[in-house]
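>>> no sequence for this one, just the structure:
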């Protein structure tokens, strides 16, 4: 199944008074890349949070769905008013998403939330097939992608939403034992900075080294290809930690990389782990901690990744460099910056 975001309509949410954001080009087809540019406070992050939160309604395994809640129950999924109050939707008058679902025939589908009726959530017909595919995709394992092949196909898995909030960093961690770190399917994957060894990037690489040597070799080859001034990556089995060796032979942990290097490593490695064909990737403040050379390198890496695995990329920025790199035809200016 192909999943693409066509438009987002928002009323009265933070700085967004009454806005319709069109993710399609002049011919009406969704753009492969959309850059939302504007100054701080223009509503860029709000747009991404609304997309993610509204799409969570399609997944009955989402944190938004639970039973036994006290309070007013919405018309879909047993969502309580208490659960809703924890989301950005509680501060939104109206939001509507228009999606393009494409299997053999293109189908439009929409999700709509109106906070004035009150708390009425609606969805158009045609989206039930996607909900069923999401349900059946859970518990499946995703392999680390080999971008040198064109055979990355997961016909039985639903495309997913990969969201990278603006704060992205690696924390110094140390484990005491090898943890099983399989990458399971998620409909919405919201990257979070990991504070414990289990689930961390260190733990993932150590698990690959222990259990999947061929995949580990591909992951290390990919990390070395990032070309961080000649740094090479590996794993210390004795210390249970990932290592970085500099050009002059010194060794340190991955959390000691510069913040810009961490930003690139996190996003590109997570995409290699989790990206499914025809998914949607959302990156907030893509330029975080990146000097101009790294900005260009990241943008080009994302474009190359799209050539192997097609996906829709939506990024926010207040850096002119990404407008220049991705082009004005791919850019929507929310406010001058």
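That came through fine. What you are looking at is a predicted structure, and each value in this text was computed from that prediction instead of being measured.
>>> from residue 10, how far off is residue 94?
Distance of residue 94 to residue 10, given as Cβ to Cβ, to the nearest Å: 7 Å. Quick note: C-beta positions are derived from backbone N, CA and C, even for glycine.
>>> more crowded one of these two?
Legend: neighbour count by other Cβ atoms under 10 Å for residue 94 and residue 10, higher for residue 10 (22 against 17).
>>> my guess is that one meets residue 51, correct?
No: using Cβ atoms under 8 Å, residue 10 makes no contact with residue 51, being 10.1 Å away.
>>> from the chain's centroid, how far away is stretch 8-17?
Put simply, stretch 8-17 sits 22 Å off its chain's centre (Cα atoms, centre = their mean, to the nearest Å).
>>> quick one: low-confidence parts of the chain?
By pLDDT under 70, the low-scoring segments of the chain are 61-85, 103-105, 118-119, 125, 147-155, 336-337.
>>> quick check: nearest residue in space to residue 146, chain neighbours excluded?
Nearest residue to residue 146, sequence neighbours excluded (Cβ to Cβ, 6 or more residues apart in numbering): residue 218, at 6.0 Å.
>>> before we move on, what SS does the one you found have?
Using DSSP: H, G, I helix; E, B strand; the rest coil, the structure places residue 218 in helix.
>>> for residue 333, see how far away it is.
For residue 218, the distance to residue 333 equals 39 Å [Cβ to Cβ].
>>> between these two, which one's more packed in?
Ranked by neighbour count (other Cβ under 10 Å), residue 218 and residue 333 place residue 218 first, with 19 against 13.
>>> list the beta-bridge partners for residue 98.
residue 7, residue 110 (DSSP bridges).
>>> that one reaches residue 108, doesn't it?
Yes: between residue 98 and residue 108 there is a contact under Cβ under 8 Å: 6.5 Å.
>>> neighbour-wise, which of those two wins?
residue 98 (20 against 12).
>>> which ones are touching that one?
5, 6, 7, 8, 9, 108, 109, 110 (Cβ atoms under 8 Å, 6 or more residues apart in numbering).
>>> check which helix or strand covers residue 282.
Applying DSSP states H and E as the criterion places residue 282 in strand 279-283.
>>> how far off centre is that strand?
Strand 279-283 has its C-alpha centroid displaced from the chain centroid by 5 Å (Cα atoms, centre = their mean).
>>> that one pairs with which strands, parallel or anti?
Note on strand 279-283: by DSSP bridges, its sheet partners are strand 161-164 (parallel), strand 311-317 (parallel).
>>> which residues touch the longest one?
Outside strand 311-317, the residues that touch it by Cβ under 8 Å, 6+ apart are 3-5, 23, 30-38, 44-45, 47-48, 51, 159, 275, 277-287, 302, 305-306, 322-323, 326.
>>> I'd say residue 274 and residue 190 touch.
No: assessed by Cβ under 8 Å, residue 274 is found out of contact with residue 190, at 11.4 Å.
>>> for residue 231, see how far away the residue in the chain sticking out farthest from the centre is.
Distance from the C-alpha centroid of the chain, by Cα atoms, centre = their mean, peaks at residue 248 (35.2 Å). According to Cβ to Cβ, residue 248 stands 10 Å off from residue 231.
>>> counting by contacts, list what the helix or strand that the strand holding residue 282 is followed by packs against.
Going down the chain from strand 279-283, the next helix or strand is helix 292-308, by DSSP H and E. Counting contacts by 3 or more Cβ pairs under 8 Å, 6 or more residues apart in numbering; DSSP states H and E, helix 292-308 packs against strand 33-37, helix 259-274, strand 311-317, helix 320-326.
>>> what segments of the stretch 51-200 of the chain are helices?
Secondary structure of the stretch 51-200 of the chain by DSSP state H, counting those that start in this stretch: the helices cover 81-85, 128-137.
>>> name the residues that touch the last one?
For helix 128-137, the surrounding residues in contact (Cβ under 8 Å, 6+ apart) are 1, 3, 58-61, 101, 103, 109, 156-158, 185, 187.
>>> returning to that earlier point: mind listing the shared neighbours of residue 98 and residue 108?
What both residue 98 and residue 108 touch, as defined by Cβ under 8 Å, 6+ apart, is the set residue 6.
>>> would you agree residue 162 is in contact with residue 271?
Yes: the criterion here is Cβ under 8 Å, and residue 162 meets it with residue 271 at 6.8 Å.
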